[in-house]
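Colleague: Sequence below, structure please.
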Amino acid sequence: MKVSIIVPALNEAAGLQFLLAQLQAARRCQHEVIVVDGGSSDQTVAVATPLVDELVVTSMAGRALQMNAGAQAASGQYLWFLHADSLVPPAAVEKLQALPPGCWGRFNVRLSGDGWKFRMIAFCMNLRSRLTGIATGDQGIFVCAELFHRIEGYPQQPLMEDIEISRRLRNERAPICLPDELQTSSRRWERHGVMRTILLMWRLRLMYFFGASPVRLAAIYRSE
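Modeller: Model prediction:
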């Protein structure tokens, strides 16, 4: 079974090469790596070009738009969406190959920062995801291509696209929660403060749950 690994990127030259270096073994096994650039002004395109199978350059930035563009270019039976600042666990692609058709799910997440606060954040993210059946982009969402296209992909919204697609996929079937840990950068928490970031994310989630527009939530996120 072929896996298409799709990475949306915008000005991620500094960290993207580490993820792509990890994925070269998958390319040698006939899986494909697609980086979808959202109009970077740094060296993202130059870094990615020799390390991918296809580079899709979009005229508009936005993870949902970019991931859908990558999915349209993909030829694999499974789609695996990774953030550019991720590092993947060993044998992750082999785990996806072993899945039965028609599934979706995510990995556990681990934050790159040292200290108990980051371990606790990751633990709570994984527990919440397991209890609710909602995955976040940091957890490396994977989905059968046929199922992804049947639900019409990621919703075209500027924020909470991972929550919304999880809801749609959960209506089809329960997610598979793989225990292998995918590392994601803790830069957001380090830059803005752990408690401030947690409170902001919970505030946005609650507002979304009660019907707030993703456009409004994106404006609040940018301002904070």
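Colleague: quick one: the strands in this structure?
Modeller: With DSSP state E, the ranges of strands along the chain come out as 3-9, 32-37, 54-57, 78-81, 104-111, 142-144, 176-184.
Colleague: rank those strands by mean pLDDT and give me the bottom one.
Modeller: Of all the strands of the chain, mean pLDDT reaches its minimum on strand 54-57 (a mean of 78).
Colleague: Least confident secondary structure element in the chain?
Modeller: Using mean pLDDT, DSSP states H and E, strand 54-57 stands out as the lowest-scoring helix or strand of the chain, at a mean of 78.
Colleague: Leaving out chain neighbours, which residue sits closest to the spatially most central residue of the chain?
Modeller: Note on the chain: the residue nearest the mean C-alpha position is Gly137, at 3.2 Å, using CA atoms, centre = their mean. Leaving aside its chain neighbours, Gly137 sits nearest to Asp162 (4.4 Å; criterion: CB to CB, 6 or more residues apart in numbering). In this view, the C-beta of every residue, glycine as well, is placed from N, C-alpha and C.
Colleague: Just list the residues touching that neighbour, thanks.
Modeller: 135-137, 141 (CB atoms under 8 Å, 6 or more residues apart in numbering).
Colleague: Spit out the contact partners of Asp138.
Modeller: Going by CB under 8 Å, 6+ apart, Asp138 touches 83, 86, 109, 125, 182, 184.
Colleague: can you list those in CSV and add neighbour count and distance to Leu96?
Modeller: Formatted as CSV, the contacts of Asp138 follow (neighbours: other CB atoms under 10 Å; distance: CB to CB, whole Å):
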residue, neighbour count, distance to Leu96
His83, 21, 17
Ser86, 24, 14
Val109, 22, 16
Met125, 20, 20
Leu182, 20, 12
Thr184, 24, 18
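Colleague: Could you tell me which ranges of this protein sit under the pLDDT cut-off?
Modeller: 59-60 (pLDDT under 70).
Colleague: Could you rerun that using 80?
Modeller: Along the chain, the parts satisfying pLDDT under 80 run over 54-55, 57-61, 224.
Colleague: Would you state the helices of it in chain order?
Modeller: 13-22, 24-28, 44-48, 63-73, 92-97, 116-132, 145-150, 161-172, 187-192, 194-209, 214-223 (DSSP state H).
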